[in-house]
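Engineer: give me the fold of what follows.
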Amino acid sequence: VQLQASGGGLVQAGGSLSLSCVVSGSIFSNNAMGWYRQGSGKQREFVASITSEGRTNYLGAVKGRFTISRDNAKNTVYLQMVGLKPEDTAVYYCASDSRARGNIGLPTQYWGQGTQVTVSS
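Structural biologist: Numbers count the residues shown, from 1 in each chain. Below is the predicted model:
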């Protein structure tokens, strides 16, 4: 299983970015998908997830600003981020999980490489 994340970049506070993660080598529609982030000197933390049935879950700090979605036809999960804050600066990772037929709130089975998001103040 391979995950390819993209879409990171540099944005000013209050700006927007959209991340994408394409999955190959797996039946995407059966996977739960998630986004995590790791800031400099910090532990990796959960950001958002979406189950195979479309149920979503968010870190409290991003609720209302970030939206996770999936396109099963494109084997892709997205993270739309608006109202970005400097504290959102981190390397963002996507993850997939086929266990429990994708009904998992914290997918951790497979990981992609990270994509850097930097929010300037």
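Engineer: what comes up buried for stretch 110-120?
Structural biologist: Using 16 or more other C-beta atoms under 10 Å as the burial criterion, the residues of stretch 110-120 that qualify are 110-112, 114-115, 117, 119. Where you see a C-beta, it was placed from the backbone N, CA and C, and this is true even at glycine.
Engineer: measure the residue positioned nearest the centre of the chain to residue 57 for me?
Structural biologist: Of all residues in the chain, the one closest to the mean position by C-alpha atoms, centre = their mean is residue 35, 2.4 Å from it. Between residue 35 and residue 57 the distance, using C-beta to C-beta, to the nearest Å, works out to 11 Å.
Engineer: also residue 17?
Structural biologist: Look at residue 17 and residue 57: by C-beta to C-beta, they are 20 Å apart.
Engineer: now do residue 112
Structural biologist: The value you get for residue 112 to residue 57, if C-beta to C-beta is used, is 19 Å.
Engineer: can you give me the strands in the chain?
Structural biologist: 2-6, 9-12, 17-24, 32-38, 45-50, 56-58, 66-71, 76-81, 90-97, 110-111, 115-120 (DSSP state E).
Engineer: avg pLDDT for the third one?
Structural biologist: Yep, that's strand 17-24 we're talking about. When the per-residue pLDDT values of strand 17-24 are averaged, the result is 98.
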